[in-house]
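Visitor: How does the following fold in three dimensions:
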Amino acid sequence: MPSETVRVVYTKFDGSAHRDYPARKLSEDDLGIWVGVPRGTASVYHGRPSVEQIPFVLLIPHAAWWTGMFNPPPRTSEVYCDITTPARWEGDTVHIVDLDLDVVRRRETQAVELRDEDEFEDHRERFGYPAEVVTEAYAAARKLMVALGDGSEPFATQYRKWLSDVVD
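Guide: Numbering: from 1, shown residues only. Okay, here's the model as predicted:
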């Protein structure tokens, strides 16, 4: 069980750095572990130091091929789901492999988009994604396209109670 602070480490399939940041554990439920990242959090993005300008909440599912990032305004994406391998915990650090595909719900229009298919296909060839990874990634993306569009939880309102904990 993670402590109050969780280190979130995303890599690409080849092991290269993608994102790395500390987060505050907010809750754990049947869906997974909810963590919050307040404005001003020092992070690493693509191997370079960064500072989070907009707070967010991340849902790390117990055993799913995605993570869900829930954002306040002014971010144009209300919900941003990375298609990933299932999270792997080592103590208070969670390791997640980002598989490039993203499912996003836009704040203004509520439009749901599948993004970065070109990057997925490029990395599929370059990194040699196994057939099972490709199958699971596309299956997760299809499920999320429906869930983000039809009012399913946790994508409708459930995340808002946690987001209010990290917004200034």
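Visitor: Can you tell me the closest non-neighbouring residue to Phe13?
Guide: Phe127 (4.3 Å; C-beta to C-beta, 6 or more residues apart in numbering). All C-beta spots, glycine's among them, are computed from the backbone N, C-alpha and C.
Visitor: typo on my end, it should be Val134
Guide: Nearest non-adjacent residue to Val134, counting by C-beta to C-beta, 6+ apart: Arg124, 6.2 Å away.
Visitor: which SS state does that neighbour fall under?
Guide: helix (DSSP: H, G, I helix; E, B strand; the rest coil).
Visitor: mind listing the strands for the protein?
Guide: 5-11, 17-28, 32-37, 42-45, 48-51, 56-61, 66-70, 77-84, 88-90, 93-106, 112-115 (DSSP state E).
Visitor: So which bits of the third one are buried?
Guide: Just to be clear, that refers to strand 32-37. Gly32, Ile33, Trp34, Val35, Gly36, Val37 (16 or more other C-beta atoms under 10 Å).
Visitor: Given it, what are its sheet partners and their directions?
Guide: If you go by DSSP bridges, strand 32-37 pairs up with strand 17-28 (antiparallel), strand 56-61 (antiparallel).
Visitor: Please work out which residues outside stretch 90-102 touch it.
Guide: 2-3, 5-13, 18-19, 33, 60, 65, 67, 80-85, 87-89, 114-117, 119-120, 123, 129, 133, 137-138, 140-141 (C-beta atoms under 8 Å, 6 or more residues apart in numbering).
Visitor: Could you give me the PyMOL syntax to select whichever of the residues you listed are buried?
Guide: Selection of buried members from the contacts of stretch 90-102 for PyMOL, criterion 16+ other C-beta under 10 Å:
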select buried, resi 2+6+7+8+9+10+11+12+13+18+19+33+60+65+67+80+81+82+83+84+85+87+114+115+116+120+123+129+133+137+138+140+141
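Visitor: and among the strands paired with strand 32-37, the most buried is which?
Guide: Among those, the stretch with the highest mean neighbour count (mean count of other C-beta atoms under 10 Å) is strand 56-61, at a mean of 24.
Visitor: And that strand, how far out from the chain middle?
Guide: Relative to its chain's centre, strand 56-61 lies at 6 Å (C-alpha atoms, centre = their mean, to the nearest Å).
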